[in-house]
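1. Structure for the following, please:
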Amino acid sequence: MEKYILKRIEAMQAELEQIKQIISREVEAKPPKKTKLEGLWAGVEITDEELEEAKIGVFSDAEG
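-> Down below sits the predicted model:
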């Protein structure tokens, strides 16, 4: 039981930290950091058609 309580407290702390970061960005009016695709993806060009195919593949089971 004590391990469960400790895990729950750690999860709540992590969630509070995320909320704190979100609120501080809003207060400071800083936009969230943009993710950069580098390394393996450097120089790769992806077409709009490929993006649409990927969306259909990823979200095909979401419609119900």
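2. CA atoms for contacts and neighbours, from now on please.
-> Will do.
3. any weak-confidence spans in the chain?
-> 30-32, 37, 62-64 (pLDDT under 70).
4. Show me where the protein has its helices.
-> For the chain, the helices defined by DSSP state H occupy 2-28, 48-59.
5. can you list contacts of the shortest one?
-> Looking back up the chat, that one is helix 48-59. For helix 48-59, there are no external contacting residues (CA atoms under 8 Å, 6 or more residues apart in numbering).
6. Redo the helices of the chain as CSV? Include mean neighbour count.
-> Shown next, in CSV, are these (neighbours: other CA atoms under 10 Å):
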stretch, mean neighbour count
helix 2-28, 11
helix 48-59, 10
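7. right, so of those helices, which gets closest to residue 39?
-> helix 48-59 (19.9 Å; CA to CA).
8. could you dump the closest one to PDB, C-alpha only?
-> C-alpha atoms of helix 48-59 as PDB (Å, rounded to 0.1, in the frame of the first residue of the first chain):
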ATOM      1  CA  ASP A  48       1.000  16.900 -48.300                       C
ATOM      2  CA  GLU A  49      -0.300  13.700 -49.800                       C
ATOM      3  CA  GLU A  50       2.100  11.600 -47.600                       C
ATOM      4  CA  LEU A  51       0.900  13.600 -44.500                       C
ATOM      5  CA  GLU A  52      -2.700  12.900 -45.400                       C
ATOM      6  CA  GLU A  53      -2.000   9.200 -45.800                       C
ATOM      7  CA  ALA A  54      -0.300   9.100 -42.400                       C
ATOM      8  CA  LYS A  55      -3.200  10.900 -40.800                       C
ATOM      9  CA  ILE A  56      -5.600   8.300 -42.300                       C
ATOM     10  CA  GLY A  57      -3.400   5.500 -41.100                       C
ATOM     11  CA  VAL A  58      -3.000   6.800 -37.600                       C
ATOM     12  CA  PHE A  59      -6.500   8.000 -37.000                       C
END
